[in-house]
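K.L.:
My questions are about this predicted structure, shown below with the sequence.
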Amino acid sequence: MSKRAVDFAFALTLCVASVFLWFVADGFPGSPRYAQIDTDFWPKIVTGLMAVLTAIIALQNGVSLLRARDGGLEDRLNLDWRGIGRMAAMGALVLVYFWAFGQVGFLLSTVVFLWIAALALPGGKLWAKLVFAPVFTIALTALFSRVLSLPLPRGVGPFYEFSLLFY
């Protein structure tokens, strides 16, 4: 199997998952408090944008896969195992983040998630990777808690008490 085939299958899978999540968000119950934007507004924007982008990526990979088939076998079984491992690790990191979100709270789980993700990616300046996570998390917390008045997970036990200090 070629790298292009794996890229095509992965992008197509993400596109299908995005469309599925769009319909899940469409089934969210309405909220009188957020009547102007409703509860499915942001999830539908994110999943819709993700579906469009992954469809474009799948199309590009599909076209390049067809061109490679006509040209020969130049990239069969020539997979970037380091990249695949990094992608699998990032997927596992996202799953851990979703679990930690409820246990540790938004603030700490988001900062740690962004630090680990940034340090796992090659390139970039170390100081930018270290500064970005807390600045971005503070901005997101302010946006959701102050501007949109949306509750964020605070965690349990001592993490709940820690979150009370900030929002």
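P.N.:
Structure received.
K.L.:
The lowest-mean-pLDDT helix or strand in the chain: which residues count as buried?
P.N.:
Of all helical and strand segments in the chain, the minimum by mean pLDDT, DSSP states H and E falls on helix 158-164, at a mean of 75. Within helix 158-164, the residues scored as buried using 16 or more other C-beta atoms under 10 Å are 159, 163. Placement of C-beta: from N, CA and C, glycine included.
K.L.:
Show me what that helix is packed up against.
P.N.:
The contact analysis (3 or more C-beta pairs under 8 Å, 6 or more residues apart in numbering; DSSP states H and E) places helix 158-164 against helix 106-120.
K.L.:
The protein: strands as residue ranges?
P.N.:
Defined through DSSP state E, the strands belonging to the chain form an empty list.
K.L.:
Low-confidence bits of it, can you list those?
P.N.:
By pLDDT under 70, the low-scoring segments of the chain are 1-2, 30-42, 69-80.
K.L.:
who's in contact with Thr47?
P.N.:
Contact partners of Thr47, counting by C-beta atoms under 8 Å, 6 or more residues apart in numbering, are 18-19, 21-22, 25.
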